[in-house]
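> got a structure for you, letters missing:
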């Protein structure tokens, strides 16, 4: 019998029987812990069956606050963009008005550029050397701006004689002489007539 008890083939079945008997004797059914009430639990189910916690609620509240802040900021930026567009339009209108005023001013004020000064001085000498009636006939075919630019460089006596010659040719030419006089008055460049 000792031989039977020490054999490896008997040890295994005896071990299994001892394990089953001891498990049966010491087996206890676990008792479920009591569930806390839903209102006081740290983790509760909402109506959709999802778990909620105070940390999650706080994160959701912070996200809602940030979204509201971003929406407010977007609205402010949209208002600012609309105001900038309005002001840009006003600036554009003001710029156009200034350009129109500059064009009107340039139209009314005779301006002589440096490049044409030498040529105008030569033409002034040529017309001054002519008789007033001959110069008036030639100048009658030029536009008033060109005539005024040439007359700027002529001596006052020569200009007076040519304007008198214009006025002798009728009312239309007399009005032109008056217009030329006004252009000479507002000329932006006046050289020394003795040159």
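Great, that's in hand. What you see is a predicted model; the values in this text were computed from it and never measured.
> element containing residue 141, please.
Residue 141 belongs to no helix or strand when assigned by DSSP states H and E.
> What does residue 27 show for phi and psi?
Main-chain torsions, residue 27, degrees, to the nearest 10: phi -70, psi 130.
> burial measure for it, as a count.
7 (other Cβ atoms under 10 Å). Quick note: C-beta positions are derived from backbone N, CA and C, even for glycine.
> Same check on residue 103?
Applying other Cβ under 10 Å, we find 10 residues neighbouring residue 103.
> that's a strand at it, yeah?
No: secondary structure assignment (DSSP: H, G, I helix; E, B strand; the rest coil) places residue 103 in helix, not in a strand.
> Could you report the distance from it to residue 143?
17 Å (Cβ to Cβ, to the nearest Å).
> ditto for residue 160
For residue 160, the distance to residue 143 equals 21 Å [Cβ to Cβ].
> Kindly report the same for residue 26.
Taking Cβ to Cβ, one finds residue 26 at 126 Å from residue 143.
> can you pull out the helices in this structure?
In the chain, the helices defined using DSSP state H lie at 2-6, 8-26, 54-108, 114-129, 132-139, 144-152, 156-167, 171-185.
> Residue ranges in this protein under the pLDDT threshold?
Residue ranges of the chain with pLDDT under 70: 1, 5, 30-32, 34-52, 108-112, 188-195.
> tell me the domain boundaries of it?
Using automatic domain parsing, the domain parsing of the chain gives 55-108, 114-185.
> and the ones you listed, which is most packed in?
Among the domains of the chain, domain 114-185 has the highest mean neighbour count (mean count of other Cβ atoms under 10 Å), at a mean of 16.
> for that one, how far is the first residue from the last?
19 Å (Cα to Cα, to the nearest Å).
> what's the answer for stretch 120-140, then?
End to end - Cα to Cα - stretch 120-140 spans 17 Å.
> Check the offset of that stretch from the chain's centre.
Distance, stretch centre to chain centre, for stretch 120-140: 54 Å (Cα atoms, centre = their mean, to the nearest Å).
> Ok, stretch 54-67 next?
So, by Cα atoms, centre = their mean, the centroid of stretch 54-67 is 37 Å from its chain's centroid.
> Same check on stretch 102-122?
Distance, stretch centre to chain centre, for stretch 102-122: 37 Å (Cα atoms, centre = their mean).
> Also stretch 132-147?
Distance of stretch 132-147 from its chain centroid, counting by Cα atoms, centre = their mean, is 51 Å.
> hmm, who's touching it?
Residues from elsewhere that reach stretch 132-147, judged by Cβ atoms under 8 Å, 6 or more residues apart in numbering: 110, 127-128, 130, 150, 158, 161-162, 164-166, 169, 173, 176, 179-180, 183.
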